[in-house]
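Asker: Quick one: sequence plus predicted model below, questions after.
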Amino acid sequence: MQIQTFKRFYGDTCQLPVKLTHPDTDAVYDSALAAKLIWTLKVSGKDSDLEALVQKDLPSGGITKREPTVAGIVVVELIPQDWERLQPAKVYEWDIQAEEYVTGATRTLAKGKFSSERDITRLANPSIPIFTHSPESAGTSLGLIPTTDALVAEAVPSSSFVHFGSSGLVPASAALNRPAHGFVRSATAAGGTVAVYNAGLLNGLSGLIPPNTYWLGENGQVAATPPSAGTIQSLGVASASDSLVVSISEPTVIST
């Protein structure tokens, strides 16, 4: 069986086109025969399945059959979360196993090596101020362009995340199910107006650990871990102990 080698940029969403061959004949394997496929990545083939670093399967997710199936190509997709247990430049081993519809036989159809290299850009949003000749950005703090100026309904702290409520801007809150819609740089009392941003670099924080992800907490503040109930929403990645590269995710609400 041929060793298939893949190398990708660390942390990227990427696809691995895997060629399937019958282990007994080395003939191209028709992927339509497989009721189930499972792809496993480990430090070593000697490791147990409990020590696997990444797994993908079909039909649950992460593996798709490419047409025509007689070509024997399936595509394994990695997403950024899959890289959390991997290290750049390290070489890992993988294989893909099938369970067949008709015979119920289990067969290993491909194996290989997988490695990565560090990319230059590692975050989805800018981590430092971006300066341009655009007149719209002139005079704005750190080159950020406000999304809007909003009326404040409840006092908001400086360097905090905010929610657009029915009567105006209020502090975002996981417990109160107020998802973050943006952030402010200045503390503002009720009745005032404040510039709201939805992406960029938020300074004025403390105790952050790069490159950890931070979550919505209470009173517009960030939390190191997501809550067990209420609104679960990631807000961005720490670039320094006092700075967050903001990338606000869609919220998920969990009821107790």
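Answerer: Structure's in. What do you need?

Asker: how about stretch 222-232: buried residues?
Answerer: Under the neighbour-count criterion of 16 or more other CB atoms under 10 Å, stretch 222-232 has 222, 226-227, 230-232 buried. To be clear about C-beta, it is placed using only N, CA and C from the backbone, and glycine gets the same treatment.

Asker: quick one: which of these sit in strands?
Answerer: Taking DSSP state E as the definition of strands, the buried residues of stretch 222-232 contribute 222, 230-232.

Asker: Residue 53: which of those is nearest?
Answerer: residue 232 (24.9 Å; CB to CB).

Asker: Okay, the closest one and residue 223: tell me how far apart.
Answerer: Residue 232 is 10 Å from residue 223, where distance means CB to CB, to the nearest Å.

Asker: Now for these two: what residues contact both?
Answerer: 174, 215-216 (CB atoms under 8 Å, 6 or more residues apart in numbering).

Asker: Any stretches of the stretch 51-200 of the chain with poor pLDDT?
Answerer: When residues are selected by pLDDT under 70, those of the stretch 51-200 of the chain lie in 123-147.

Asker: What is the burial count for the residue nearest to residue 198 when sequence neighbours are not counted?
Answerer: Nearest residue to residue 198, sequence neighbours excluded (CB to CB, 6 or more residues apart in numbering): residue 182, at 4.4 Å. Residue 182 has 21 neighbouring residues, counting by other CB atoms under 10 Å.

Asker: and residue 182, bridged to which residues?
Answerer: residue 162 (DSSP bridges).

Asker: That one against residue 194, yeah?
Answerer: No. Residue 182 lies out of contact with residue 194 (CB atoms under 8 Å); the separation is 10.1 Å.

Asker: Restricted to strands, list the shared contacts of residue 232 and residue 223.
Answerer: 215-216.

Asker: ok, and the most crowded of the shared contacts of residue 232 and residue 223?
Answerer: Taking other CB under 10 Å as the neighbour criterion, residue 216 ranks highest of the shared contacts of residue 232 and residue 223 with 28 neighbours.

Asker: Is it correct that residue 37 falls within a strand?
Answerer: Yes. Under DSSP: H, G, I helix; E, B strand; the rest coil, residue 37 sits within a strand.

Asker: Contacts for stretch 73-81, please.
Answerer: By CB under 8 Å, 6+ apart, stretch 73-81 touches 8, 11-20, 31, 37, 39, 54, 56, 58, 62-66, 96.

Asker: Let's see it as PDB, backbone CA atoms only.
Answerer: Output of stretch 73-81 as PDB, limited to C-alpha atoms (Å, rounded to 0.1, in the frame of the first residue of the first chain):
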ATOM      1  CA  ILE A  73     -11.100   9.300  -3.700                       C
ATOM      2  CA  VAL A  74     -12.500  10.600  -0.500                       C
ATOM      3  CA  VAL A  75     -11.900  14.000   1.100                       C
ATOM      4  CA  VAL A  76     -10.900  14.500   4.700                       C
ATOM      5  CA  GLU A  77     -11.500  18.000   6.000                       C
ATOM      6  CA  LEU A  78      -9.600  19.500   8.900                       C
ATOM      7  CA  ILE A  79     -10.900  22.700  10.700                       C
ATOM      8  CA  PRO A  80      -9.000  25.000  13.000                       C
ATOM      9  CA  GLN A  81     -10.200  23.200  16.200                       C
END
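
Asker: Could you export the longest strand anywhere in the chain as PDB, keeping only the C-alpha atoms?
Answerer: Counting residues, the longest strand found in the chain (DSSP E) is strand 106-117. The C-alpha coordinates for strand 106-117 follow below in PDB (Å, rounded to 0.1, in the frame of the first residue of the first chain):
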ATOM      1  CA  THR A 106     -13.400  -4.100   8.000                       C
ATOM      2  CA  ARG A 107     -10.600  -2.900   5.700                       C
ATOM      3  CA  THR A 108      -7.700  -0.400   6.000                       C
ATOM      4  CA  LEU A 109      -7.800   1.400   2.700                       C
ATOM      5  CA  ALA A 110      -5.100   4.000   3.000                       C
ATOM      6  CA  LYS A 111      -2.300   5.200   5.300                       C
ATOM      7  CA  GLY A 112       0.300   7.900   5.300                       C
ATOM      8  CA  LYS A 113       2.100  10.800   7.000                       C
ATOM      9  CA  PHE A 114       0.800  14.300   7.900                       C
ATOM     10  CA  SER A 115       2.800  17.400   8.900                       C
ATOM     11  CA  SER A 116       2.400  21.100   8.900                       C
ATOM     12  CA  GLU A 117       4.400  24.300   8.800                       C
END
